[in-house]
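K.L.:
from the sequence below, what's the structure:
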Amino acid sequence: MNMSKMDQALKKKLQTFLNDMLKFGTVKGFKYFSMYLRGREEMMINILNEPHNLGSRSSEPTSPCILPSDVNPSSSFTSHNLPYDTQSLLMSQRSQMALSGYGSQGVGLPPASPSEEEPSKDLNSTVFLIAGYAKYSCPYVWVRSNHERLVRLTGEEGGERDSPLKLKCSAKWKDTDVKIWDVISELIKLCTYPVPRNPFEVDVEYIDCLPLKERVLVTGSLANSLQKIMLHTKDEKHYSGKVFDDLHLVTRKHFEGLQNLVRQKQIPGVENFLQEERKQQQNLQREAQVHARATQRKRYPSQTYTEQAAAAYGLQSTYGGPEVSTGRPADPFSQQNQYGRQGHVGFGYGQTPSMF
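P.N.:
Okay, here's the model as predicted:
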């Protein structure tokens with residue numbers, strides 16, 4: 001594959017990534033992070049540093065975590081090693097110039113806005129910028145707050161704070177299918193302590209506190225996002241089973257909320273829809289009755305409804321008309337025949353059945 005075709009393929013791949021990021025960036029209700037979009041190419045993500053130390057949480061971790069003994073030293077970074085060495089976590093200026101395509105101008109991989117212009121955040125979380133700039137043809141991540149917690153800054157290079165992170169997702173971008181949730185999972189692994197076993201755990205307390213209408217919207221978007229994570233995540237990922245459990249929980253809450261909205265008639269247009277459905281059902285019933293009457297008139301044009309009923313059961317009409325037979329032999333042991341009721345096919349009282 002020549003360079004032009006490779007560049008086109010990478011640009012197309014980046015557009016797919018940005019489309020996923022635009023949808024995923026609007027979802028709320030995750031326990032360890034929150035997101036907001038800043039244009040088409042940028043998404044800010046706020047990741048909790050130590051959730052179990054927050055005042056609103058218990059003093060102990062509320063969900064299973066990855067222990068230091070479970071961490072593979074050869075794998076990507078984990079929060080058990082905080083803070084990280086600058087050379088191991090941040091891209092060097094030489095690597096940036098080689099990847100940016102502007103190395104001859106001495107330009108690396110800076111974000112659209114420098115770190116100093118970012119608003120200050122609280123110490124309980126770390127803000128990251130995930131961006132897929134078209135000129136780079138690859139998504140990168142920059143730290144936007146609490147740099148000192150993550151990295152031992154040397155102060156030798158002025159661009160350390162605006163250097164992108166060395167992530168596995170960025171390194172394998174050209175060769176594998178990288179999704180936005182893959183990037184988020186890796187960021188939570190290196191930032192949140194202790195490392196949660198499910199980086200996409202749902203915040204049930206937050207969902208239950210929402211108003212009913214907003215809860216239905218939030219759970220619907222959560223269910224859709226968790227389903228995508230399930231479909232595009234390999235089974236060997238340690239959080240696959242946990243995501244499936246949360247998907248089941250969120251889906252149940254979503255349909256429970258929908259049922260409550262219908263009962264309370266809070267869905268716009270639902271009452272009109274139900275009225276239209278009832279009218280259609282009534283019209284169908286009327287049409288069926290008219291059709292049934294028309295069919296009866298065609299089948300018995302000279303008989304009244306009473307005569308039609310008598311004919312259907314093989315009886316004589318009550319006014320003493322001719323006996324009507326269905327062509328079926330009468331039951332000589334039926335209660336009607338035993339008492340010789342007038343108008344029935346068979347034999348009267350004191351008569352002997354012809355079959356004997």
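
K.L.:
okay, CA-based contacts and neighbour counts for the rest of this
P.N.:
Will do.

K.L.:
and stretch 183-200, end to end?
P.N.:
12 Å (CA to CA, to the nearest Å).

K.L.:
list the buried ones in that stretch?
P.N.:
By 16 or more other CA atoms under 10 Å, the buried positions in stretch 183-200 come out as 183-184, 186-200.

K.L.:
equivalent analysis for stretch 140-154, please.
P.N.:
Under 16+ other CA under 10 Å, the buried positions of stretch 140-154 are 140-147, 150-151, 153.

K.L.:
please identify which pair of those residues lies farthest apart.
P.N.:
Within the buried residues of stretch 140-154, two members stand farthest from each other by CA to CA: Tyr140 and Leu153, at 19.5 Å.

K.L.:
follow-up on the earlier one: just put the buried residues of stretch 140-154 in CSV and tack on distance to Phe244, secondary structure and pLDDT.
P.N.:
Listed next are the buried residues of stretch 140-154 as CSV, based on distance: CA to CA, whole Å; DSSP: H, G, I helix; E, B strand; the rest coil; pLDDT from 0 to 100:
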residue, distance to Phe244, secondary structure, pLDDT
Tyr140, 28, strand, 94
Val141, 28, strand, 94
Trp142, 30, strand, 93
Val143, 30, strand, 91
Arg144, 32, coil, 89
Ser145, 32, coil, 87
Asn146, 33, coil, 85
His147, 34, helix, 83
Leu150, 31, helix, 84
Val151, 34, strand, 81
Leu153, 39, coil, 67
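
K.L.:
pipe these into JSON lines and attach distance to Leu129 per row.
P.N.:
Compiled in JSON lines, the buried residues of stretch 140-154 are given as follows (distance: CA to CA, whole Å):
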{"residue": "Tyr140", "distance to Leu129": "8"}
{"residue": "Val141", "distance to Leu129": "5"}
{"residue": "Trp142", "distance to Leu129": "5"}
{"residue": "Val143", "distance to Leu129": "6"}
{"residue": "Arg144", "distance to Leu129": "7"}
{"residue": "Ser145", "distance to Leu129": "10"}
{"residue": "Asn146", "distance to Leu129": "13"}
{"residue": "His147", "distance to Leu129": "13"}
{"residue": "Leu150", "distance to Leu129": "15"}
{"residue": "Val151", "distance to Leu129": "16"}
{"residue": "Leu153", "distance to Leu129": "18"}
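
K.L.:
now the helix or strand encompassing Met35: average pLDDT?
P.N.:
Applying DSSP states H and E as the criterion places Met35 in strand 33-37. On average, the pLDDT along strand 33-37 is 95.

K.L.:
output it as PDB, nothing but the C-alphas.
P.N.:
Extracted in PDB, the C-alpha atoms of strand 33-37 (Å, rounded to 0.1, in the frame of the first residue of the first chain):
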ATOM      1  CA  PHE A  33     -15.400   9.200  34.900                       C
ATOM      2  CA  SER A  34     -17.500  11.900  33.300                       C
ATOM      3  CA  MET A  35     -17.100  13.400  29.800                       C
ATOM      4  CA  TYR A  36     -18.000  16.500  27.800                       C
ATOM      5  CA  LEU A  37     -17.300  17.400  24.200                       C
END
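
K.L.:
can you list the strands that it pairs with?
P.N.:
Its sheet considered, strand 33-37 pairs with strand 42-48 (antiparallel) by DSSP bridges.

K.L.:
the strand holding Met35: which residues count as buried?
P.N.:
So for strand 33-37, counting by 16+ other CA under 10 Å, buried means 33-37.

K.L.:
do I have it right that Leu226 meets Val243?
P.N.:
Yes: in this structure, Leu226 is within contact of Val243 by CA atoms under 8 Å, at 6.6 Å.

K.L.:
remind me what the longest helix belonging to the chain packs against, helices and strands.
P.N.:
Assignment by DSSP state H gives helix 270-299 as the longest helix of the chain. On a contact count with 3 or more CA pairs under 8 Å, 6 or more residues apart in numbering; DSSP states H and E, helix 270-299 meets no helix or strand.

K.L.:
mean confidence for that helix?
P.N.:
So the average pLDDT for helix 270-299 ends up being 76.

K.L.:
do the same with stretch 11-24
P.N.:
The model assigns stretch 11-24 a mean pLDDT of 94.

K.L.:
and the contacts of it?
P.N.:
Contacts with stretch 11-24, where a contact means CA atoms under 8 Å, 6 or more residues apart in numbering, come from 37, 40-41, 43, 132, 134, 137-139, 178-180, 225.

K.L.:
in TSV: those, plus distance to Ala288 and secondary structure.
P.N.:
Formatted as TSV, the contacts of stretch 11-24 follow (distance: CA to CA, whole Å; DSSP: H, G, I helix; E, B strand; the rest coil):
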residue	distance to Ala288	secondary structure
Leu37	56	strand
Arg40	56	coil
Glu41	59	coil
Met43	59	strand
Gly132	62	coil
Ala134	63	coil
Ser137	64	coil
Cys138	64	coil
Pro139	63	coil
Val178	58	coil
Lys179	55	coil
Ile180	56	helix
Ser225	46	helix
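
K.L.:
quick one: buried ones out of these?
P.N.:
Looks like those have 37, 41, 43, 132, 137-139, 178-180, 225 buried, using 16+ other CA under 10 Å.

K.L.:
tell me which two in the residues you listed are the farthest apart.
P.N.:
Ser137 and Ser225 (24.7 Å).

K.L.:
any buried residues in stretch 211-230, and which?
P.N.:
Buried, per 16+ other CA under 10 Å, within stretch 211-230: 212, 215-216, 218-223, 225-227, 229-230.
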